[in-house]
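1. What shape does this take:
(chains A and B)
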Amino acid sequence: MALLQISEPGQSTNPHEHRLAAGIDLGTTNSLVATVRSGEARVLPDEEGRSLLPSVVRFREKGDTQIGYPALAEIVKDPMNTISSAKRMIGRKTADIKTLRDHLPYHFDDESANVPRIITADGPRSAIEVSAEILTALKKRAEQALHGELGGVVITVPAYFDDAQRQATKDAARLAGLNVMRLLNEPTAAAVAYGLDEGSEGVYAIYDLGGGTFDISILRLNKGVFEVLATAGDSALGGDDMDRLIAEWILDDIKQAELSTDNQFLRQVMVVARAAKEALTDNDSTLIKLSLPDGTTQTISLNRSRMNDIIAPVIDKTLLPCRRSLRDAGLDKTDIDGIIMVGGSTRVRSVQEKVETFFNRKLYTGVDPEQVVAIGAAIQADILIGNHPTGDMLLLDVIPLSLGIEIMGGMVEKIIPRNATIPVTRAQEFTTYKDGQTAMSIHVLQGERELVSDCRSLARFELRGIPPMAAGSGRVKVSFQVDADGLLSVSAREATTGTETRVDVKPSYGLTDAEVEQMLRDSIAHASDDIQARQLAEQRVEADRAISALENALAIDGTTHLDDNERSALLECMEALRKIKEMDDPDNIKQAINELNELSEPFAARRMNSSIQDAMAGHNINEFSE
Amino acid sequence: MQTPFENNYFDLFSIEKSYSLDRHLLRDRFRELQRKFHPDNFASATEQDRRISAQYAAMINEAFTTLNDPVQRGRYMLSLNGISTDEEHDTRMDPEFLIQQIELREELDTARSSSLDALNHLSDKVENDFAGRMARVGEILDGTDDSEFEKARHLVRELQFLRRMQNEIEEAEESFY
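-> Reported below is the predicted structural model:
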């Protein structure tokens, strides 16, 4: 791909080469992998023809790990080492999952750790590592089915995931050795699967109720552009909560309160509760059979209308985000053309009934609600990897929660509002408040509330080296950048001296880069890997790309946008990179690439500017829309 | 890196510089530009290209958001004329407007504890007021009399107040569900 060769989006370096890409739906309860083959997106089944991979991992001694169905089969017998619903814990601190933990059988290590780890027979494991095991299994499944290595993947996340949860998901992918081209919001992925199938235009609500997360997105589809107008949700609400309510009802009904501390029995109750919920999709009533620890069995009956009453609080809780998303989109229920139903939990009859009543609009349930997200992700992955001659589709997504920084009095000043279209860059200036103040500490937060204590703390960093000045004279400009994955980076600059501090928002939660590196080294999958060799190979690929991109750009308009001096300087720098590339030091290659990039930056900017002008050149300013 | 058109978003979208712009046309042009410059078009490009495209895509988003919103569009057009609507520099407001705001706030408190209908009624009232002032801003900014700009500056700030009030009413409405 040439340096900003804008006319041919998504084109791969070799137009005839078909690169392997996949879409992965990393779910709370089940995960899936899908790919586009012969123009059609399909979920890839396992050797036994099953498309779902239960998101369950059982850790046994000496690394004999079970993933998916085999792990699920042992969940009642070995509840302490068998981890399910890791997605509800990913990217969360120990304190955040406290309420959740009351329902979990696991033992956690260090209470104060940023990343909670569950103690298993194979040592402590974080939700990131559990997710990495699931991703590794899906990667293996895809590579076996496609007979080759995956060039890149799109992984879906709940639209309502915050920065910490997104970053943690990306870390899990890194541990699994996947190249993540994009984190895609689940409702948007579902809309892609529907939109391309039906060629629909209009405004749609995507109601996505999974095992442990709820999202609602309002999206406008126009000529292949999927524009998310607003999103809302709850990243800890889903079918799991329905199961828990049913389980509580069962415990209550059998009057075995003293058993509520027996982990094995509790697991069993959760399993039968879920089975009962599923049975009541097609049947009016179902029998629940339980084996009690004393060896006796007990059978109780549950009918659908009773269950509807039991789970009603979960469904009702989804309606408030529905209202909020409409309000944020500036729309009324009557503006919505249809509701796309996504996620296994939307199979529950009363969910469908309540949503239909709320919106008073047609529900779309044509594509399997459990597969639709993976299918949408596969379509996006196929485009991003460059298998499409033209970009016939574009996704414009939003950030789900506002971003801001702490100001005086424990208050949060918002810098980027929720539902801003990404990528987005915003800056705000703050002044020193004391005479002679030489440092300013910056606390980055995410959330809608006004008080720091009610928002999610993302990072803290300090800007030092501000020259001593009178209070109010020192000015610090804080810039927020959110990329197309919804991931934030923050930089701060002191205006008079230009002292700059840059952070990729990460440190105050989750894994540090060093920890991820260490895990990569430790993991069995990479034990045979020579990290140095891999880095060298990676840098050489990047160097080749940079050189060929620049050569192409120079050939196209090197004379239009550069004078002779600039051009020869660029050529010289490029030759230097060519030589360094042949040597064996990845760090040197990286540095040479950076030097070339820096030198070619003005050229790239000029090309970009003129291409924007070209893009709009066909238009007269007095034109009117159709 | 300095991106172009930071000084004139209307030129970026190649639309006429006007407060009462054609929002459909604006949205069409916005989509047209993002189709070319969004980072998804550069997913397999060099790291530098990906970074530059993200910067431009962010700028295009910013320009669209600014022109699409009546309050931000007003602020922006005033700033093109060298007039700042920054609250930090000047906090004076028309006393009559302030009194009206206090009354609205009292009405909100009463409505909050009475009914959804009362809130809806208040919401309509604020919306009408907003529309009226917005039309006035348009007349001034699209007119030829520069001396009226100071009036527009006040109106834009009043729109901001009404916007906040509207948000509070909507939040109060949520508590009824």
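
2. which residues touch residue 58?
-> By default, I'm working from chain A. Contacts for A:Arg58 (CB atoms under 8 Å, 6 or more residues apart in numbering or on different chains) come out as A:Thr65, A:Gln66, A:Ile67, A:Pro70, A:Ala71, A:Glu74, A:Ile75, A:Asp78, A:Asn81, A:Thr82, A:Ile83. All C-beta spots, glycine's among them, are computed from the backbone N, C-alpha and C.

3. oops, chain B please
-> Per CB under 8 Å, 6+ apart, neighbours of B:Ala58: A:Pro423, A:Val424, A:Thr425, A:Gln481.

4. how does it look with 6 Å?
-> If you count contacts by CB atoms under 6 Å, 6 or more residues apart in numbering or on different chains, B:Ala58 has them with A:Pro423, A:Val424, A:Thr425.

5. how about the residues of chain B that lie near chain A?
-> Within chain B, the positions near chain A by CB under 6 Å from any CB of the partner chain are B:1, B:4, B:14-16, B:22, B:24-25, B:28, B:31, B:35-36, B:38-39, B:41, B:43-46, B:48-49, B:52, B:54, B:56-58, B:61, B:170.

6. From those, which land in helices?
-> Counting by DSSP state H, the residues of chain B next to chain A place B:24-25, B:28, B:31, B:35-36, B:48-49, B:52, B:54, B:56-58, B:61, B:170 in helices.

7. Using PyMOL, make a named selection holding only the buried ones among those residues.
-> To isolate the buried ones among those in PyMOL, judged by 16 or more other CB atoms under 10 Å in any protein chain shown, type:
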select buried, chain B and resi 25+28+31+35+36+48+49+52+54+56+57+58+61
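
8. before we move on, back to that, adding neighbour count and secondary structure, write the contacts of A:Arg58 out as JSON lines.
-> Output for the contacts of A:Arg58, formatted as JSON lines (neighbours: other CB atoms under 10 Å in any protein chain shown; DSSP: H, G, I helix; E, B strand; the rest coil):
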{"residue": "A:Thr65", "neighbour count": "20", "secondary structure": "coil"}
{"residue": "A:Gln66", "neighbour count": "19", "secondary structure": "strand"}
{"residue": "A:Ile67", "neighbour count": "21", "secondary structure": "strand"}
{"residue": "A:Pro70", "neighbour count": "12", "secondary structure": "helix"}
{"residue": "A:Ala71", "neighbour count": "24", "secondary structure": "helix"}
{"residue": "A:Glu74", "neighbour count": "15", "secondary structure": "coil"}
{"residue": "A:Ile75", "neighbour count": "21", "secondary structure": "coil"}
{"residue": "A:Asp78", "neighbour count": "19", "secondary structure": "coil"}
{"residue": "A:Asn81", "neighbour count": "23", "secondary structure": "coil"}
{"residue": "A:Thr82", "neighbour count": "23", "secondary structure": "strand"}
{"residue": "A:Ile83", "neighbour count": "26", "secondary structure": "strand"}
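
9. Relative to chain B, how far out is A:Ala427?
-> In this view, A:Ala427 and chain B are 11 Å apart by CB to the nearest CB, to the nearest Å.

10. hang on, that residue in a strand?
-> Yes: under DSSP: H, G, I helix; E, B strand; the rest coil, A:Ala427 falls within a strand.

11. so it touches A:Lys477, yeah?
-> Yes: between A:Ala427 and A:Lys477 there is a contact under CB atoms under 6 Å: 5.4 Å.

12. The stretch 151-300 of chain A: strands as residue ranges?
-> A:152-157, A:180-185, A:202-209, A:214-222, A:225-234, A:285-291, A:297-303 (DSSP state E, counting those that start in this stretch).

13. Is B:Ala57 in contact with B:Phe37, as I believe?
-> Yes: between B:Ala57 and B:Phe37 there is a contact at 5.3 Å, judged by CB under 6 Å.

14. Return the residues in contact with B:Arg133.
-> B:Leu155, B:Glu158, B:Leu159.

15. which of the residues you listed tops the neighbour count?
-> Most neighbours among the contacts of B:Arg133, by other CB atoms under 10 Å in any protein chain shown: B:Leu155, with 26 neighbours.

16. what about that one, distance to A:Val57?
-> Counting by CB to CB, to the nearest Å, the gap from B:Leu155 to A:Val57 is 60 Å.

17. Which residue, other than its chain neighbours, is closest to the residue of the stretch 251-400 of chain A found nearest chain B?
-> Nearest to chain B, among the residues of the stretch 251-400 of chain A, is A:Leu384, at 3.8 Å (CB to the nearest CB). Using CB to CB, 6 or more residues apart in numbering or on different chains and skipping residues adjacent in sequence, the residue nearest A:Leu384 is B:Ala43, 3.8 Å away.

18. What score does that neighbour have for pLDDT?
-> pLDDT recorded at B:Ala43 is 83.

19. Repeat that for A:Ser523.
-> On pLDDT, A:Ser523 comes in at 57.

20. now swap in A:Leu196 and tell me
-> 58.

21. ditto for A:Gln371
-> 94.

22. Quick check, it in contact with A:Ala41.
-> No: under the criterion of CB under 6 Å, A:Gln371 is not in contact with A:Ala41, lying 9.4 Å apart.

23. Compare those two and say which one has the larger neighbour count.
-> Applying other CB under 10 Å to A:Gln371 and A:Ala41 shows that A:Ala41 carries more neighbours, namely 23 against 20.

24. Can you tell me which of the contacts of B:Arg133 is nearest A:Glu201?
-> Comparing those against A:Glu201 with CB to CB places B:Leu159 closest, at 32.0 Å.

25. The closest one and B:Arg73 touch, don't they?
-> No: contact criterion CB under 6 Å: B:Leu159 and B:Arg73 do not qualify, at 10.2 Å.

26. ok, A:Glu40 to A:Arg456 distance?
-> In this view, A:Glu40 and A:Arg456 are 40 Å apart by CB to CB.

27. More neighbours: which of these two?
-> Shown here are A:Glu40 and A:Arg456; by other CB under 10 Å, A:Arg456 has more neighbours (21 against 10).
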